[in-house]
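[1] coords please:
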Amino acid sequence: MQTVTKLENMAAQWYKGMPHLPINGRRWLSTNVWWIALVGVIVGALSIVTVFFGTLLVGMFAATYGGVAGAALAGFGAVIILLSLLFSIVTMVLTAMAIAPLKTKQKRGWNLLFLTVLIQVVAAVVHLLFTFNIFDLVWSLLFTAVGAYFLFEIRDDFSTAKVAKTVPKK
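    Model prediction:
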């Protein structure tokens, strides 16, 4: 976990000089990030199921009508897609685990979201090793950097201590 903390501090230095969102925008984002993550988990689960069954369907047709070459290409493609699905499942599970802590503004929730950013970077590099598509790597890293920007905009609103609810005075 020390390595993740070091990476967090290093990334915080990168984002320190960036233009910041207005305070009201940061406050809104930090208050509502939990349900944004929930929507992401739901959409992610639906996309994982769709991609999995689509991969099986395309593999079946490629193996049936493509002969030996079609089967080989379908098998290689299936390995790449299933590896990507594995990264997606890990990211989705970590995001789902972050929802409750994010709702109470605990640092643990923010840390889990930061961990998903790191996993997305690793997934982009692994995907590059299989596909040799540099443009896909650039776009993946660009979208991950934009997501990390918003994540670091709300970093200060999440503390290690649980936020206590205040009781109004009578």
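[2] which element is residue 92 on?
    helix 67-103 (DSSP states H and E).
[3] all strands of this protein, in order?
    Listed in chain order, the strands found in the chain under DSSP state E amount to none.
[4] so where's the longest helix in it?
    When the chain is parsed with DSSP state H, its longest helix is helix 23-65.
[5] run the chain-centre distance for that one.
    Mean-position distance between helix 23-65 and its chain equals 10 Å (CA atoms, centre = their mean, to the nearest Å).
[6] what's that helix packed up against?
    For helix 23-65, the elements it packs on are helix 67-103, helix 107-131, helix 134-153, judged by 3 or more CB pairs under 8 Å, 6 or more residues apart in numbering; DSSP states H and E. Placement of C-beta: from N, CA and C, glycine included.
[7] any buried residues in the last one, and which?
    Burial within helix 134-153, assessed by neighbour count using 16 or more other CB atoms under 10 Å, is assigned to 137, 140-141, 144, 148-153.
[8] now do the residue most central in space within the chain, the pLDDT please.
    When the chain is reduced to its mean C-alpha position, the closest residue under CA atoms, centre = their mean turns out to be residue 116, at 4.4 Å. Confidence per residue is given as pLDDT, and for residue 116 that number is 96.
[9] also the one 3 residues further on?
    Residue 119 is assigned 96 on the pLDDT scale.
[10] that one contacts residue 89, doesn't it?
    No. With contact defined as CB atoms under 8 Å, residue 119 does not reach residue 89; the gap is 10.6 Å.
[11] remind me which residues of the protein are low pLDDT?
    Of all residues in the chain, those with pLDDT under 70 make up the ranges 160-170.
[12] number of residues surrounding residue 83?
    Taking other CB atoms under 10 Å as the neighbour definition, residue 83 ends up with a count of 15.
[13] ok, and which of the helices and strands packed on helix 23-65 has the densest surroundings?
    Stretch with highest mean neighbour count among these: helix 107-131 (a mean of 18; mean count of other CB atoms under 10 Å).
[14] which residues are in contact with it?
    With CB atoms under 8 Å, 6 or more residues apart in numbering as the test, helix 107-131 has contacts from 4, 7-8, 11, 33-34, 37, 79-80, 83-84, 87-88, 90-91, 94-95, 97-103, 133-134, 136-137, 140-141, 144, 147-148, 151, 154-155, 158-160.
[15] how far out from the middle of the chain is that helix?
    The chain centroid and the centroid of helix 107-131 are separated by 6 Å under CA atoms, centre = their mean.
[16] ok, stretch 7-23 next?
    18 Å.
[17] alright, I will stop here.
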